[in-house]
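**Q** below are the sequence and a predicted model for it; my questions follow.
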Amino acid sequence: MHISALATAETDSQARVSRAADIAGIQETQDFNVVKFGPDASRLTLLDYPGFFEQGFPILRRYWTVDLATRSAHFRTYESSLNPPILHRKELLLAPDDPHWAEFAALTAAAEQIGLFEDTTRIGFQRAWDALLAQKGYQVVGQSLVPVGNDETGDDGGPGEPQGSGVARHLTALRRYGYSAPVQTLARFGFLDGSKTLFDYGCGRGDDLRGLLENGIEAAGWDPYYAPDRDKRPAHIVNLGFVINVIEDRGERREAVLGAYALARELLVVSAMLANPEAVRGTPYGDGVLTSRNTFQKYHTQPELRAYLAEVLDEEPVAVGPGIFYVFKDKDAEQRFLSGRQENRRNVLRLAHLSRPERQAKPARRDQAEEKYQRHRELLESLSRRNWTNTPPMS
């Protein structure tokens, strides 16, 4: 538990923490802020998470494991480590009436929603955790998970009006080496089993499309800059991925949503960039900002994005992740999804996103002990025979 919740613990537990701190020669709050009680009442661990309230998933700096029975303490630090441990579900360490509880619980719920905790072997240490976040297409900003949907490179103090031929929307298209966050949700919920077609409305550089085609999924896409000559075609699923937030014209933005929805036979997936303290800054322009690269960004909050889609489409969107909503045209499919979303989280996509050279088979692992034995076999067997001959019989 966090030390702020220690007052709610039993008096004996509070006394044990005080004795452990005395043995370790450290002070509560100053040196540690989390206490881990073990099954053995004589042992407990005092942990220091300096960013507990500031970081969404705090990093462990150091800890002391204390044995009250022997009055001994073991100390370990991660201050110079490149791969320190990470703390998750931190609301569980607080008292239920703590003012931070709801905010921390919402972060945990968002992480569960996009499947961050499904493989516990990948969340304990920073390197694997950072790689998992990148793979899922998200970043942690404060107490929020924010989808990475566009190239937000830009400088503060951009021009106040579009230059040249207008806003350079195409510059926001990311070069991806993994599936985008909205496409990953489709995989998790079983929509990409090969039985449904997909159309990517505003496909950018087409990295999602290439990966889907490599996995045997019938997919196509259109983009006003990178694929303007392709047809806009109906499909079971239409993905409008991080498109509406780069369109500066409100009327055109609305038309993009309506146009994508018209092509969807079963489901429209809409995603957009979320507002956060680290969002790119620029000159106010319309209802968003314009950067010095002449790109536009309209940042939404989760409730704002839900309300916008509901207003434009006159349908109730279903949130499946931060910044990602499903809008079902097929209401039977919507009911099946809502009733089975907890059980239907299977990933049918290969880990390899784009074509790569086939890996050569790994050579068999060397048995170094066996190699040593073979090099000295004659001597070892001679010693073995000598020892056996000189061994006295058992009584």
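**A** Ah, there it is.

**Q** roughly how far does residue 296 sit from residue 170?
**A** Between residue 296 and residue 170 the computed distance is 12 Å (C-beta to C-beta, to the nearest Å). For the C-beta atoms, the positions are set from N, CA and C on the backbone; glycine is no exception.

**Q** of the two, who's got more company?
**A** residue 296 (26 against 15; other C-beta atoms under 10 Å).

**Q** how about that one: what's its closest non-neighbour residue?
**A** In this structure, residue 296 finds its nearest non-sequential neighbour in residue 248, 4.2 Å apart by C-beta to C-beta, 6 or more residues apart in numbering.

**Q** for the stretch 1-150 of the chain, which segments count as strands?
**A** Assigned by DSSP state E, counting those that start in this stretch, the stretch 1-150 of the chain shows strands spanning 34-37, 43-48, 62-67, 72-77, 138-141, 144-147.

**Q** sorry, wrong one. I was asking about the stretch 151-300 of the chain.
**A** All strands of the stretch 151-300 of the chain, identified by DSSP E, counting those that start in this stretch, fall at 198-201, 219-222, 235-241, 264-271, 283-285, 288-290, 296-297.

**Q** so which elements touch the second one?
**A** Under the contact criterion of 3 or more C-beta pairs under 8 Å, 6 or more residues apart in numbering; DSSP states H and E, the helices and strands touching strand 219-222 comprise strand 198-201, helix 207-214.

**Q** count the neighbours of the spatially closest residue to residue 197 that is not a sequence neighbour for me.
**A** Leaving aside its chain neighbours, residue 197 sits nearest to residue 235 (4.1 Å; criterion: C-beta to C-beta, 6+ apart). As a burial measure, residue 235 scores 22 neighbours (other C-beta under 10 Å).

**Q** residue 201 is in contact with residue 235, correct?
**A** No. Using C-beta atoms under 8 Å, residue 235 is not in contact with residue 201, being 9.4 Å away.

**Q** quick one: common contacting residues for those two?
**A** Common contact partners of residue 235 and residue 201 (C-beta atoms under 8 Å, 6 or more residues apart in numbering): residue 263.

**Q** kindly provide the distance from the residue nearest to residue 228 when sequence neighbours are not counted to residue 101.
**A** The shortest distance from residue 228 to any non-neighbouring residue, by C-beta to C-beta, 6+ apart, is to residue 222 (7.6 Å). Applying C-beta to C-beta, the value for residue 222 to residue 101 is 45 Å.

**Q** quick one, which of those two is more surrounded?
**A** Taking neighbours as other C-beta under 10 Å, residue 222 and residue 101 compare with residue 222 leading, 20 against 16.

**Q** pretty sure the more buried one sits against residue 209.
**A** No. Here residue 222 lies out of contact with residue 209, judged by C-beta under 8 Å, at a distance of 10.3 Å.

**Q** what is in contact with the two at once?
**A** Joint contacts of residue 222 and residue 209 (C-beta under 8 Å, 6+ apart) are 200, 203.

**Q** so what's residue 243 up against?
**A** Residue 243 makes contacts with 201-202, 256, as judged by C-beta under 8 Å, 6+ apart.

**Q** those residues into a markdown table, with extra columns for pLDDT, distance to residue 263 and neighbour count?
**A** Shown next, in a markdown table, are the contacts of residue 243 (pLDDT from 0 to 100; distance: C-beta to C-beta, whole Å; neighbours: other C-beta atoms under 10 Å):
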| residue | pLDDT | distance to residue 263 | neighbour count |
| --- | --- | --- | --- |
| 201 | 98 | 7 | 24 |
| 202 | 96 | 12 | 23 |
| 256 | 97 | 11 | 20 |
